[in-house]
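> Based on what follows, work out the 3D shape:
(chains A and B)
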There are 2 protein chains.
Amino acid sequence: MNVEIVTIGDELLLGFTVDTNAAHLARELAAIGITVARRGTVGDDAAVIRDAIGDALDRAGAVITTGGLGPTSDDVTKPAVAELFGRAMVLDAEHLEWMRERWRRRFGREMPESNVRQALLPHGARKLENRHGSAPGIWLEDDRGRWVAMLPGVPREMRGMLADTLLPILRDRVGESHPVRSRTLRTTGVAESLLAEWIEQRTIDLQGATLAYLPSVAGVDLRLTLRDRPAAVADRVLSEVGDALRAAASQHVYGEGSADLAAEVLERCRARGLTLAVAESCTGGLAGARLTAVPGSSDVVLGGIIAYHNDVKSSLLGVTPETLGSEGAVSEATVRAMASGVRKRVGADIGLAITGIAGPGGGTEEKPVGTVWISVALADVVEVRLLRLWGDREEIRQRAVQAVLDLARRRLDAPFDGHRVA
Amino acid sequence: MNVEIVTIGDELLLGFTVDTNAAHLARELAAIGITVARRGTVGDDAAVIRDAIGDALDRAGAVITTGGLGPTSDDVTKPAVAELFGRAMVLDAEHLEWMRERWRRRFGREMPESNVRQALLPHGARKLENRHGSAPGIWLEDDRGRWVAMLPGVPREMRGMLADTLLPILRDRVGESHPVRSRTLRTTGVAESLLAEWIEQRTIDLQGATLAYLPSVAGVDLRLTLRDRPAAVADRVLSEVGDALRAAASQHVYGEGSADLAAEVLERCRARGLTLAVAESCTGGLAGARLTAVPGSSDVVLGGIIAYHNDVKSSLLGVTPETLGSEGAVSEATVRAMASGVRKRVGADIGLAITGIAGPGGGTEEKPVGTVWISVALADVVEVRLLRLWGDREEIRQRAVQAVLDLARRRLDAPFDGHRVA
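Prediction:
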């Protein structure tokens, strides 16, 4: 089954809002074997909405829209689609009563009459329940089986309604199918061009799969995608080809799918009963935030020290003023002292440390913006790395966090028995 | 001038990549008076690309595309547009030589012959220089003045080429115009429905502007937009109407445009020569990361303590085990002690503190997920607030950070002379 997506809203067209709904819809649909053939975005203009949905219906026979269902005057999706299907708008008395009741309960007063329009539906439409907001979704189908499903534009409401209501309907329609299948290897610490060279050298047979290189601040993801194959065949191909790619990228692969490097580090710590602390200068808490974003991180992460100012590096982490004076805050000696210092101060088994120049100011010829030292202290061993990072301030900070997490992952994968810290 | 945007790539259609390019393009174009009439997204399929760009050209006469210019076999935008314009693909010898030279320099070897296709251009095309990558952009125009501008899909390259090359060309074409003008008031700590009620009660004349409510974890933005008015008129309307809205939202407005609440807090500290430190439990460094994301924050932010585990709350922040035992880690007494503790420990004028239950686990009937205490300590005064936040773990953490920053902003706006900490 092919569908087209039309996302609606001046906000999207003006670029004030990034369209995350479209990507979410596409992923969820692919998972049940539905292909998004094309996507369009239009503003809150009834005639343009009608034309865009009409064109999409002509091409695909099935359209999902987001946006334009709310109570404000620029929400015009429903009447536009009603016109396209030649249906009148009729009042849904039951929904109107529910809305009135909701206003009394939530706001303690009568609903403004302007909201009545929210209870108008195209004749013959099926309501899609909205458990996360007040505007119901709409399903409209003509006698040739062509349909439009209208979802709200607020991402939380759209996602809820999709999962609760629309996906079950579509799953019934699609029946057994061959969904798009993919396998993603997540790598970090290696350039895209170098990865490509390693993979090229091995002349791996992709067996009909497509391979995409997806660079981001987290590293380069390698994604294999297969369409229109029976599940068993797809599984075998993705397994064989993916394993060959894994071998090519070797220790740079930190996980698969949506694996998070922070979660990988936590898991390795957890498996060995190790606790962790962070000492951060230029990242100012970003490594701590990244680690504690993982639910359940509290059994590994004890805490950390944000040592933005040099005085704090001395007073709380024990970096000596002499080191700071002679070597500077961005130096091997400082990062080493930070990692050891936070480990001792917080009483953790592992200390991670980052100090660098994230820019835009503060760079020198010797230490340009992007110069970052990272360190991992575990037992008596303190490992350090010098990074030369690129990008803007936020990218440099994020790359630095990813790099120190990767150093920790590798350290934890290496043998270190007998060095276990009490 | 109206343009349509067509973004190209299986990645986008499959939902693996969120289309940030389209939003960036729309904002930049609006700023020079160009309206994006419609937007489309298609996969790496030459026929579909040709049709989508053809339809857009028929409607608007001007199309900007992103994606499909790279060296890999699925990059097919150029030949598709060449076909649409009835042009042959011809080799650009100069660009080929530049590419060969680049490979020798960067990778120390000869360029693979498969890359030659990257030097093929539609006949009569104008190259748009790419200072941030290897694939040039393309400008193709027919004898009726209809044009397609093709930009790369990698956001950094697209943004660079847009700013360096395409915007200057378009600015020349547009000449004097009436760009879309907008004014955004950023509010936090107040519900959308309540804001709407206050604004409704004042019966503000919008004078033809449209008002959008834009909720996010940062709060609710109020955006006024005006189209097709001379600059002087637009400025007056936005000034008058915006000021009326500001009065309605009163102290909840923390800034305008793309104002960042963290930057607002830093500026207020800087103006009074105050330094700041953070103590974070459930946010694990997010408040520190947010503050230090602001360039130049180092003259205000000294550092902080991530006290994720209760032992760290005691050992580094001085929260007594008695308090933690009787009141719990998520309590008024604990957050108060954390704010005071970090202030003293780091030696800062102001201490911010956050402790709460971000979920998904850890909630109880008395303290459900979303229960967060925040505190701001300045001089002898320690202010605290209890928050009941909603959303997932990351939303709760972000809302908590925004709330403590807002508490700090209000505290710094209130009179506190004579309490200045040495």
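
> Flag the shaky bits of the stretch 1-150 of chain A, pLDDT-wise.
Judged against pLDDT under 70, the low-scoring parts of the stretch 1-150 of chain A cover residues A:71-74.

> Same question for the stretch 301-422 of chain A.
Across the stretch 301-422 of chain A, the ranges flagged by pLDDT under 70 are A:416-422.

> List, one by one, the residues from it near chain B.
Applying C-beta under 8 Å from any C-beta of the partner chain, we find that the stretch 301-422 of chain A lies next to chain B at A:301-309, A:311-312, A:315-316, A:345-347, A:359-361, A:391, A:393-394, A:397. Where you see a C-beta, it was placed from the backbone N, CA and C, and this is true even at glycine.

> now do the stretch 51-200 of chain A
By C-beta under 8 Å from any C-beta, the residues of the stretch 51-200 of chain A that approach chain B are A:52, A:55, A:74, A:106-107, A:180, A:182, A:193, A:197.

> of these, closest to A:Q402?
Distances from A:Q402 to those, taken as C-beta to C-beta, are shortest for A:S193 (18.8 Å).

> how deep is that closest one tucked in, by neighbour count?
For A:S193, the neighbour count with other C-beta atoms under 10 Å in any protein chain shown is 12.

> distance of A:R144 from A:T65?
19 Å (C-beta to C-beta, to the nearest Å).

> So which residue is smack in the middle of chain A?
A:S258 (8.3 Å; C-alpha atoms, centre = their mean).

> Can you tell me the SS state at it?
Classification of A:S258 using DSSP: H, G, I helix; E, B strand; the rest coil returns coil.

> what bridges to A:A212?
A:R223 (DSSP bridges).

> Let me know the pLDDT of it.
A:A212 is assigned a pLDDT of 83 by the prediction.

> Would you report the backbone torsion angles of A:V301?
phi -80, psi 120 (degrees, to the nearest 10).

> count of neighbours near it?
Neighbour tally, A:V301, other C-beta under 10 Å: 27.

> re the thing from before, return the subset of the residues of the stretch 301-422 of chain A next to chain B lying in strands.
Applying DSSP state E to these, the entries found in strands are A:301-307.

> Distance to B:L13 added to those, as TSV?
Output for those, formatted as TSV (distance: C-beta to C-beta, whole Å):
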residue	distance to B:L13
A:V301	38
A:L302	44
A:G303	43
A:G304	41
A:I305	45
A:I306	42
A:A307	45
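
> quick one, which of A:R144 and A:T65 is more surrounded?
Shown here are A:R144 and A:T65; by other C-beta under 10 Å, A:T65 has more neighbours (30 against 8).

> So which other helices or strands are in contact with whatever helix or strand the more buried one lives in?
For A:T65, the host element (DSSP states H and E) is strand A:62-66. On a contact count with 3 or more C-beta pairs under 8 Å, 6 or more residues apart in numbering or on different chains; DSSP states H and E, strand A:62-66 meets strand A:2-8, helix A:20-31, helix A:46-60, strand A:147-151.

> Show me what the second one is packed against.
Which is helix A:20-31. Using 3+ C-beta pairs under 8 Å, 6+ apart, helix A:20-31 sits against strand A:2-8, strand A:35-42, strand A:62-66, helix A:155-161.

> Tell me which of those sits most buried.
Of all the helices and strands packed on helix A:20-31, strand A:62-66 has the most neighbours on average by mean count of other C-beta atoms under 10 Å in any protein chain shown, namely a mean of 27.

> who's in contact with that strand?
Strand A:62-66 is contacted from outside by A:1-8, A:21-22, A:25, A:29, A:53, A:56-57, A:77, A:81, A:146-153, A:158, A:166, using C-beta atoms under 8 Å, 6 or more residues apart in numbering or on different chains.

> out of those, which are buried?
Buried residues within those, defined by neighbour count using 16 or more other C-beta atoms under 10 Å in any protein chain shown: A:1, A:3-8, A:21-22, A:25, A:29, A:53, A:56-57, A:77, A:81, A:147-153, A:158, A:166.

> B:S326: which of the helices and strands packed on helix A:20-31 is closest?
Comparison of these against B:S326 by C-beta to C-beta identifies helix A:155-161 as nearest, at 37.4 Å.

> circling back: tell me the buried residues within the residues of the stretch 301-422 of chain A next to chain B.
In these, the ones that pass as buried (16+ other C-beta under 10 Å) are A:301-309, A:312, A:315-316, A:345-347, A:359, A:391, A:393, A:397.

> so how far is stretch A:286-301 off the chain centroid?
Centre-to-centre, stretch A:286-301 and its host chain are 17 Å apart (C-alpha atoms, centre = their mean, to the nearest Å).

> Going by neighbour count, which residues in it are buried?
A:286-294, A:297-298, A:300-301.

> Pull up the distance across it, start to finish.
14 Å (C-alpha to C-alpha, to the nearest Å).

> which helices and strands sit right next to the top helix by length along chain A?
If you go by DSSP state H, chain A has its longest helix at helix A:393-413. Here helix A:393-413 touches helix A:261-272, helix A:286-292, strand A:350-356, strand A:371-378, strand A:381-388, going by 3+ C-beta pairs under 8 Å, 6+ apart.

> nearest to B:A249, of the ones you listed?
Minimum separation from B:A249 across the helices and strands packed on helix A:393-413 (C-beta to C-beta) falls at helix A:286-292, 29.5 Å.

> any residue of the closest one up close to chain B?
Yes: against chain B, helix A:286-292 shows contacts by C-beta under 8 Å from any C-beta at A:286-292.

> still on that earlier bit, taking their axis directions, the longest helix of chain A and helix A:261-272 sit at what angle?
20 degrees (axes from the mean of the first three to the mean of the last three C-alpha atoms, to 10 degrees).

> From one end of stretch A:54-68 to the other, what's the distance?
16 Å.

> Now find how far off-centre that stretch is within its chain.
Offset of stretch A:54-68 from its chain centre (C-alpha atoms, centre = their mean): 26 Å.

> Check stretch A:391-404 too.
On C-alpha atoms, centre = their mean, the centre of stretch A:391-404 falls 17 Å from that of its chain.

> what comes up buried for it?
By neighbour count with 16+ other C-beta under 10 Å, stretch A:391-404 contains the buried residues A:391, A:393, A:395-404.

> what's the most distant pair in the residues you listed?
Top of the distance list for the buried residues of stretch A:391-404 (C-beta to C-beta): A:R393 and A:V404, 17.1 Å.

> quick revisit: what angle do the strand holding A:T65 and strand A:35-42 make?
Inter-element angle recorded for strand A:62-66 and strand A:35-42: 50 degrees (by the same axes, to 10 degrees).

> Quick check: next helix or strand after strand A:62-66?
helix A:77-85.

> Tell me which strands the next helix or strand after that next one pairs with, and in which orientation.
Next helix or strand after helix A:77-85 toward the C-terminus (DSSP H and E): strand A:89-91. As defined by DSSP bridges, the strand partners of strand A:89-91 come to strand A:120-122 (antiparallel).

> hmm, who's touching the strand it pairs with?
Here strand A:120-122 makes contact (C-beta under 8 Å, 6+ apart) with A:78-79, A:81-82, A:85, A:87-92, A:95, A:127, A:138, A:140.

> again, 7 Å this time
With contact meaning C-beta atoms under 7 Å, 6 or more residues apart in numbering or on different chains, strand A:120-122 is reached by A:78, A:81-82, A:85, A:87, A:89-92, A:127, A:138, A:140.

> Pull the most distant pair out of these.
Farthest-apart pair in the contacts of strand A:120-122 is A:F85 and A:L91; separation 17.7 Å (C-beta to C-beta).

> Tell me which of these two has more neighbours.
A:F85 (19 against 12).

> for A:V312, what are its contacts?
Contact analysis of A:V312 by C-beta under 7 Å, 6+ apart lists B:302-303, B:346.

> so what's it closest to, chain neighbours aside?
B:G303 (3.9 Å; C-beta to C-beta, 6 or more residues apart in numbering or on different chains).

> From what I see, that neighbour and B:A279 are in contact.
No: contact criterion C-beta atoms under 7 Å: B:G303 and B:A279 do not qualify, at 10.5 Å.

> buried set for stretch A:50-60?
Under the neighbour-count criterion of 16+ other C-beta under 10 Å, stretch A:50-60 has A:50-57, A:60 buried.
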